[in-house]
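In: Got a predicted model here, sequence first, then my questions.
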There are 2 protein chains.
Amino acid sequence: MTKQIRLEKEGGALAPRGFRAAGVFCDVRELGSGGKAEPKRDLAILFSETGATAAGMFTANRVKAAPVRLCLERIGRGSARAIVVNSGNANACTGEQGDRDAAQMAAWCAEALEVDPGEVLVASTGRIGAPLPMSRIRNGISQAASLLGDSPQHAAAAAEAIMTTDTRPKQVAVSFRLGERRVRLGGMAKGAGMIHPGMSRDGREPPPRGGRLHATMLAFLTADAAVAPDVLQQLLEEAVAGSFNCVTVDGDMSTNDTVLALSNGLAGNPPIEKIDSAEAALFGEALRCVCLELAKMIVRDGEGRHRVVAVRVEGASDDEEADRAARTIANSVLVKTSWHGGDPNWGRIMDALGYSGARIEPSLTDVGYSAPESRRILWAARGGEGTDTPFKRLCEIAALDEFDLHVRLNLGSGRAVIYATDLTENYVTLNKGEPGKPESLGG
Amino acid sequence: MTKQIRLEKEGGALAPRGFRAAGVFCDVRELGSGGKAEPKRDLAILFSETGATAAGMFTANRVKAAPVRLCLERIGRGSARAIVVNSGNANACTGEQGDRDAAQMAAWCAEALEVDPGEVLVASTGRIGAPLPMSRIRNGISQAASLLGDSPQHAAAAAEAIMTTDTRPKQVAVSFRLGERRVRLGGMAKGAGMIHPGMSRDGREPPPRGGRLHATMLAFLTADAAVAPDVLQQLLEEAVAGSFNCVTVDGDMSTNDTVLALSNGLAGNPPIEKIDSAEAALFGEALRCVCLELAKMIVRDGEGRHRVVAVRVEGASDDEEADRAARTIANSVLVKTSWHGGDPNWGRIMDALGYSGARIEPSLTDVGYSAPESRRILWAARGGEGTDTPFKRLCEIAALDEFDLHVRLNLGSGRAVIYATDLTENYVTLNKGEPGKPESLGG
């Protein structure tokens, strides 16, 4: 984070001026409250008191959930007033009924907030293939609309409502000066498994750097800057490419992945209208910071995960090849299980590089380990062969909760970083599902 | 298997006339005998008493082990007399020393068998990145060469010697009539994890049907037919495409995958010299049968696996797209964990199809389940939406040890079958390795 950008202590998506939110429990999964006095919230509304510029990034999966299709249609107008989100049901593979239900969610929300229904965006996450329980959703929307507020507690309630298998809410906010005005930028996210984002602007083009968004990873970003819609969209694309599209938990890409950004101008700055201006660069850097912090929270909360590994590839023919090499390592089941065991197994890294499709020369390839972001790299292999670094010292690094894996291909200047988790017995247990329990299905 | 091809009860790779083998323990892993009276054998020789036609298929991984490089050089001559194989050490990522060691193995074997060193092929499997313990290898070769025999016990000892994490040896043999002669064809294989074969003739071209060989999967096939080298090579390629290249355990492709075939002509048939002859077709079919049986044994012995699933995709735009869709499903960590849970989770299948890269129309896509090779398919989803098939009945099939998953894309006539395993906690435990134990590293 550059010096100009300051981390805010609290507020998340409500740190910027003029936003309100609520998170409520309306039992989307139809399980009853399970006897709990306070069951987990499952429906949230995020609302901008004034008109806001809007931008979005969506899963590149060819099977897109109904709310993703709705957002893809509406995001083109470049403005929105509210986002309504439910967890517990993905409204995916639900046919035309799913489209009608997503539109109905927006319509109920618009009615309660007295805004244009076309200005409401929708997101869902949870079980694939079951219709939304619409009467519960209606209750939830009406309840949430009546509880909107701008306190940190309201932000926390909304961040909780979008969680599925997450073990904790994910929020962050930053601020920076634009001339005489202080701009605030915040966000909340959810994700845990099914994380391998490959988002693109229209859900169609191959996303930048060959990535895919695969999660159900949801993120909702807010800002109070005045910014033109096309500038916001481009800055969001760049921020996602360098953050959410660089994390992977299991290599699976969801039907529902969505990142939405609203910016309402209440900071009073002169509008940012040129992508190549200093103001756009600063705003973009702040957006990237928020996205990267949220992305790292997602990886650290990866289902059943034990370790977080930053896979750093350098010296590839180009950035795209570096990205391919890093992703293949980060998604290799054998590499991930060895990380779980704390095993600095460079042979499996070489093996994964070999089938990644990236250009490599085994006899030029180096593999090393370091503490997070440390420059003291211990090399396990140089030129494709083992070094005499004591195995015990490599093990000490591989035993850390977080470490960096360094791959130098020594072919060119392409580089990439992917943040990944290990693969644990616990991940399998969490995801294997129990056929009697429909909530075990992910989406 | 067609009526003309008969399964032989025993003999494996020694069922054909004129082959001898031995499997011995020479402690490649340098662990001592572990106090066991009969530690697992780890070095095998397979020998043809007369000159034999030879063909091979090798990993498409860009990081190739030294023995693979040796075989790639020698297979071009189209003939060989012997194969020497060790388990416990892959001789991969071992630089020029590795190449010298592989050549030395062939030379020692040739000396003991009194054949041309260029007529000996080499294969290794086990830990990546450590030099071969050559004095032990030398002892093993000398011991094995002195113990060669053609009994089923000799075949079993060799099949045991090539195992790593396999829980049982894998052997099969068939026979068929060519005119007045009975031809025998047999083989042995090893594999367990790191299975996602993508073998090609020269280890370079993309293999047929987009597959990759990734295992350390080794298979050694023998026959007593007289067959021209180019015919044997082409029939082997077709057999591998329809067998080893259709199985996946974990999606990882090894540095050492090798399939070698020797055919020595002792059946006395008129030589098969034309690829489009009836004799070649029958020989090819027998070869495919042997490969498919061995491939299925590999999947059934998949590391920690609990279930075997045949992923059958039909109606794709072409066979290649069908293959891509089937492989993506078969390697999705989320799909594999749901199989482990006995969960007929068609939402995760749709999700994987959506990011497979294959052309799909969600509203045309059907997903169903059946008992193995049964025509009674229970459809879980039709046209991309759930059916009213009782969930309980789907669960009954998903609870079977083996079942078929049917995907109909309804776009064209492309089809593919991939045999896959589930992903279990036990797989993770087996593969996570313990840093102190070098034998835990795979290759």
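Out: Here it is on my side, so go on. Keep in mind it's a predicted model, so treat the numbers as computed, not measured.

In: Could you list the domains of chain A?
Out: If you go by automatic domain parsing, the domain ranges for chain A are A:6-300, A:308-423.

In: starting at the chain centroid, how far to the shortest one?
Out: Chain-centre distance of domain A:308-423: 23 Å, with Cα atoms, centre = their mean, to the nearest Å.

In: tell me how far the ends of it are from each other?
Out: End-to-end distance for domain A:308-423, by Cα to Cα, to the nearest Å: 10 Å.

In: what do you get for the first one?
Out: Using Cα to Cα, the end-to-end distance of domain A:6-300 comes out at 22 Å.

In: How about residues contacting the helix or strand encompassing residue A:155?
Out: Using DSSP states H and E, residue A:155 sits in helix A:152-161. Residues outside helix A:152-161 that contact it (Cβ atoms under 8 Å, 6 or more residues apart in numbering or on different chains) are A:10-15, A:20-25, A:40-46, A:85-87, A:147-148, A:169-171, A:186, A:188, A:190. Quick note: C-beta positions are derived from backbone N, CA and C, even for glycine.

In: Residue A:354 looks like it's in a helix, true?
Out: Yes - under DSSP: H, G, I helix; E, B strand; the rest coil, residue A:354 sits within a helix.

In: Next up, the contacts around it.
Out: By Cβ under 8 Å, 6+ apart, the neighbours of residue A:354 are A:360, A:362, B:61-64, B:253, B:255.

In: Leaving out the residues flanking it, which one is nearest to it?
Out: Closest residue to residue A:354 apart from its sequence neighbours, by Cβ to Cβ, 6 or more residues apart in numbering or on different chains: residue B:63 at 3.2 Å.

In: Would you confirm that that neighbour contacts residue B:94?
Out: No - between residue B:63 and residue B:94 there is no contact, the gap being 11.3 Å when judged by Cβ atoms under 8 Å.

In: So between these two, which is more surrounded?
Out: residue B:63 (28 against 24; other Cβ atoms under 10 Å in any protein chain shown).

In: per-residue confidence for that one?
Out: pLDDT for residue B:63: 90.

In: Secondary structure class of it, three-state.
Out: Classification of residue B:63 by three-state DSSP places it in coil.

In: Who are the contact partners of it?
Out: By Cβ under 8 Å, 6+ apart, the contact list for residue B:63 reads A:350-351, A:353-354, A:360, A:362, A:384, B:92-93, B:255.

In: backbone phi and psi for it, please?
Out: When quoted as degrees, to the nearest 10, the phi and psi of residue B:63 stand at phi -100, psi 100.

In: Residue A:373 now?
Out: Main-chain dihedrals, residue A:373, degrees, to the nearest 10: phi 50, psi 20.

In: distance of residue A:388 from chain B?
Out: Using Cβ to the nearest Cβ, to the nearest Å, residue A:388 is found at 13 Å from chain B.

In: need the residues of the stretch 251-400 of chain A near chain B, please.
Out: Applying Cβ under 8 Å from any Cβ of the partner chain, one finds that the stretch 251-400 of chain A approaches chain B through A:251-255, A:332-334, A:337-338, A:340-348, A:350-355, A:360, A:362-363, A:381, A:383-386, A:391, A:395, A:398-399.

In: In TSV, list the domains of chain A along with distance to residue B:32.
Out: Shown next, in TSV, are the domains of chain A (distance: least, Cβ to Cβ, whole Å):
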stretch	distance to residue B:32
domain A:6-300	39
domain A:308-423	20
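
In: closest to residue B:376 out of those?
Out: domain A:6-300 (22.3 Å; Cβ to Cβ).

In: Longest helix in chain A, please.
Out: In chain A, taking DSSP state H as the definition, the longest helix is helix A:278-300.

In: follow-up on the earlier one: now, among the contacts of residue A:354, which is nearest to residue B:241?
Out: Residue B:241 has its nearest neighbour among the contacts of residue A:354 in residue B:253, at 15.4 Å by Cβ to Cβ.

In: quick one: that closest one is in a helix?
Out: No - assigned with three-state DSSP, residue B:253 falls outside any helix and is coil.

In: so how far is residue B:418 from it?
Out: Taking Cβ to Cβ, to the nearest Å as the measure, residue B:253 falls 14 Å from residue B:418.

In: can you pull out the helices in chain A?
Out: A:66-74, A:95-113, A:134-146, A:152-161, A:229-241, A:278-300, A:319-331, A:333-340, A:346-355, A:391-398, A:425-431.
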